[in-house]
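# Make a model of this:
(chains A and B)
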Number of protein chains: 2
Amino acid sequence: MSTRMVFTALPGLPLVQPGDDLATLVLEGLQRADLTLQPGDVLGVAQKIVSKSEGRLRDLRQVTPSPEALELAEKSQKDARVVELLLGESRQVLRTRPGLIVVEHKLGFICANAGIDHSNVKGAAPGEWVLLLPADPDASAARLRKRLADQSGVGCGVVIVDSHGRAWRHGTVGAAIGLAGLPGLLDLRGCPDLFGRTLRVTQVGLADEIAAAASLLLGQADEATPVVHIRGVPHATGTGTMREIIRPEEEDLFR
Amino acid sequence: MSTRMVFTALPGLPLVQPGDDLATLVLEGLQRADLTLQPGDVLGVAQKIVSKSEGRLRDLRQVTPSPEALELAEKSQKDARVVELLLGESRQVLRTRPGLIVVEHKLGFICANAGIDHSNVKGAAPGEWVLLLPADPDASAARLRKRLADQSGVGCGVVIVDSHGRAWRHGTVGAAIGLAGLPGLLDLRGCPDLFGRTLRVTQVGLADEIAAAASLLLGQADEATPVVHIRGVPHATGTGTMREIIRPEEEDLFR
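Predicted coordinates for the structure are as follows:
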């Protein structure tokens, strides 16, 4: 097992625009950091640049809120056009209070405001452009992984990282919303502990721990560092999907 | 801002016993790893060794379950003696199902089984010894920080790490249960983004992201690596407490 992990924020990435090829930007960033991909490496990639490269920008000036969105907007004191987009991205609204709508996203995540983001959107006047989550983040991660493998010869892990609030704690933490080339969960069931007993601990949220760690370096106030290269994470090879991670509604004790 | 973080699992730490001085063990581990503490460094420390050094072991053979514990044990299919200890550690039981009791711990955390741990306890026969959380983990972190500063001249950050389940996701992730010498939350409110807009994102769960990251190297199946040295985390200096992090019940939308 590795005893050292190194996280490097890739320097000098340009602002991402719709249609940009993230693999090329990542490989250029790796080069600037004097890094070459090795098996077992993982890339933590900010959701924002994935969404932007995939053209998930929406112009609020072209959104007409439905009666349902108008009602929820009043209750939550949010922009009704944003609420309209949010409803389109969600399976159900779980909680509402002023400034906050917690939903089950169509992708299965429980998150605030359906992951729709106001800030850091380049383009028109402030407040008019917003950014949706990628349509299929696992597929986005797999595409990036494949493009990188085609160009570098190495299949690394990819975790797409968003910031999520928690039910019982203040502060957001980085969480995986898409992954490829590594397990979402690490199954330690059945591993003996130091004294030969079988551990009852079940599964470790590997991809989410990597996302939280990468988030420490991913730019918060800007997009200057939207990709983090990670070397040395134990067990970060194989395959995985968000479907492992998302707890089905019937198991949810707190909905 | 740093662009590189390095996490090193300290090698060669002995199994911790009640009364052991963790500061001495940590400094010896740093020396074996050829590291000396620098300002801004953080140590991620597994809860288990903090609890053990503080003598938080309990012998189930000396526990007599109350009627309330017997009833909850039947409902949850758990050892009634463990349930008795769990009730003593908790403010309230939030959810119960076979194999799981989710509580509000006296320390404020929402966690499974009050953080009581069966495995990896050296001593008597398997199943008879369990380990409670430290009585005051912030104070434990502050003591370790002070002892390290006394001996090394450097006041580093300390995060005590436990593994927590999540309401909506499978898998456990490392979470802070005590801290000293760094902020629990990073307040980015009011920071302008790249385009000069003021970010609405509120607060980042810095100590929890560090805990999750450290957890990638903290021994899961054994105690071989219960301390991780971390260098290069942005903003990881100052002061903090778990009280920043724990969401008060009146704000909780999901209890």
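# Spit out the contact partners of the spatially closest residue to residue A:254 that is not a sequence neighbour.
Among residues not flanking residue A:254 along the chain, residue B:167 sits closest, at 4.1 Å (CB to CB, 6 or more residues apart in numbering or on different chains). Backbone N, C-alpha and C define where each C-beta goes, glycine included. Neighbour list for residue B:167: A:110, A:167, A:247, A:252-254, B:254 [criterion: CB atoms under 8 Å, 6 or more residues apart in numbering or on different chains].
# measure residue B:167 to residue B:91 for me?
18 Å (CB to CB, to the nearest Å).
# circling back to that earlier point, tell me if I am right that the residue nearest to residue A:254 is in a helix.
No - using DSSP: H, G, I helix; E, B strand; the rest coil, the assignment for residue B:167 is coil, not a helix.
# For it, give its distance to residue B:35.
In this view, residue B:167 and residue B:35 are 37 Å apart by CB to CB.
# do the same with residue A:37
27 Å.
# between the two, who's got more neighbours?
Taking other CB atoms under 10 Å in any protein chain shown, residue A:37 and residue B:35 do not tie; residue A:37 has more neighbours (20 against 16).
# thought that one was touching residue A:156?
Yes - taking contacts as CB atoms under 8 Å, residue A:37 lies within contact range of residue A:156: 5.1 Å.
# and for these two, which residues touch both?
By CB under 8 Å, 6+ apart, the residues touching both residue A:37 and residue A:156 are residue A:148.
# model confidence over stretch A:65-75, on average?
Across stretch A:65-75, the average pLDDT comes to 96.
# swap that for stretch A:17-26, please
On average, stretch A:17-26 scores 95.
# Identify the residues contacting it?
With CB under 8 Å, 6+ apart as the contact definition, stretch A:17-26 has outside contacts at A:10, A:13-14, A:16, A:43, A:45, A:49-50, A:52-55, A:57, A:122, A:144, A:147-148, A:150-151, A:227.
# Return the set of buried residues in it.
By neighbour count with 16 or more other CB atoms under 10 Å in any protein chain shown, stretch A:17-26 contains the buried residues A:20, A:22-23, A:25-26.
# so how many other residues sit close to the residue of the stretch 51-200 of chain A found nearest chain B?
Distances between the stretch 51-200 of chain A and chain B by CB to the nearest CB are smallest at residue A:171, namely 2.9 Å. Residue A:171 is flanked by 23 other residues according to other CB under 10 Å.
# Enumerate every residue touching it.
Contacts of residue A:171 by CB under 8 Å, 6+ apart are A:165, B:184-186, B:203-206, B:208, B:245.
# So which of those belong to helices?
B:206, B:208, B:245 (DSSP state H).
# So residue A:104 sits against residue A:87, correct?
No - between residue A:104 and residue A:87 there is no contact under CB under 8 Å: 11.8 Å.
# now residue A:241, nearest residue through space, not along the chain?
By the measure of CB to CB, 6+ apart, the closest residue to residue A:241 outside its immediate chain neighbours is residue A:138, 5.2 Å from it.
# If you count neighbours, what's buried in the helix or strand where the one you found lies?
Taking DSSP states H and E as the criterion, the element that holds residue A:138 is helix A:137-152. For helix A:137-152, the neighbour count (16+ other CB under 10 Å) marks A:137-138, A:140-145, A:147-148, A:152 as buried.
# need those in TSV with pLDDT and distance to residue B:218, can you?
TSV is the format used below for the buried residues of helix A:137-152 (pLDDT from 0 to 100; distance: CB to CB, whole Å):
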residue	pLDDT	distance to residue B:218
A:137	98	28
A:138	98	28
A:140	98	30
A:141	98	26
A:142	98	30
A:143	98	33
A:144	98	29
A:145	98	27
A:147	98	34
A:148	98	29
A:152	95	31
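# For residue A:235, which residues are in contact?
Applying CB under 8 Å, 6+ apart, the residues near residue A:235 are A:183, A:186, A:206.
# repeat for residue A:226
Contacts of residue A:226 by CB under 8 Å, 6+ apart are A:13, A:16, A:45-46, A:48-49, A:218-219.
# Farthest pair within those residues?
A:16 and A:218 (13.4 Å; CB to CB).
# which one of the two has more residues nearby?
Per other CB under 10 Å, whichever of residue A:16 and residue A:218 has more neighbours is residue A:218, with 25 against 21.
# now that one, nearest residue through space, not along the chain?
residue A:46 (5.0 Å).
# doesn't residue A:219 make contact with the one you found?
Yes - taking contacts as CB under 8 Å, residue A:46 lies within contact range of residue A:219: 7.3 Å.
# quick one, which of these two is more surrounded?
It is residue A:46, of residue A:46 and residue A:219, that has more neighbours when counted by other CB under 10 Å, with 26 against 20.
# ok, what's across the strand from that one?
residue A:161 (DSSP bridges).
# so what's it up against?
A:160-161, A:218-219, A:223, A:226-227.
# Among the residues you listed, find me the one that's closest to chain B.
residue A:223 (5.9 Å).
# before we move on, the earlier item: which ones among the buried residues of stretch A:17-26 map onto strands?
Among those, the subset assigned to strands under DSSP state E is empty.
# Farthest pair within the residues you listed?
A:20 and A:26 (10.8 Å).
# Stretch A:86-95 vs chain B: in contact?
Yes - residues of stretch A:86-95 contacting chain B under CB under 8 Å from any CB of the partner chain: residue A:95.
# what are the ranges of the helices in chain A?
A:22-32, A:47-53, A:67-76, A:80-89, A:137-152, A:206-215, A:242-245.
# if I pick the residue nearest the centre of chain A, what's in contact with it?
Compute the mean C-alpha point of chain A, and by CA atoms, centre = their mean the closest residue is residue A:161, 2.7 Å away. Going by CB under 8 Å, 6+ apart, residue A:161 touches A:44-47, A:174-177, A:211, A:214-215, A:218.
# Could you do residue A:96 as well?
Contacts of residue A:96 (CB under 8 Å, 6+ apart): A:72, A:75-76, A:102.
# again with residue A:97
Neighbours of residue A:97 in contact, by CB under 8 Å, 6+ apart: A:76, B:253.
# pLDDT score for residue A:149?
97.
# Would you check that it makes contact with residue A:155?
Yes - contact criterion CB under 8 Å: residue A:149 and residue A:155 qualify, at 4.4 Å.
# Can you give me the pLDDT of the residue nearest to residue A:237 when sequence neighbours are not counted?
Nearest in space to residue A:237, with sequence neighbours left out and distances taken as CB to CB, 6+ apart, is residue A:40 at 5.4 Å. At residue A:40, the pLDDT value in this model is 97.
# How many residues are close by residue A:40?
As a measure of burial, residue A:40 has 20 neighbours, counting by other CB under 10 Å.
# wait, doesn't it sit right on residue A:234?
No - Residue A:40 is not in contact with residue A:234 according to CB under 8 Å; the separation is 9.1 Å.
# Any regions of chain A where pLDDT drops low?
Across chain A, the ranges flagged by pLDDT under 70 are A:1-2, A:119-127, A:189-201, A:220-223.
# Swap in 50 and give it another go.
A:1-2, A:124 (pLDDT under 50).
# returning to that earlier point: looking at the buried residues of stretch A:17-26, spot the one nearest chain B.
Looking across the buried residues of stretch A:17-26 and measuring by CB to the nearest CB, the closest to chain B is residue A:26, at 15.1 Å.
# ok, how many other residues are close to residue A:183?
22.
# For it, which non-adjacent residue is spatially closest?
Closest to residue A:183 by CB to CB, 6+ apart is residue A:240, at 4.2 Å.
# That neighbour: what's it in contact with?
A:179-185, A:206-207.
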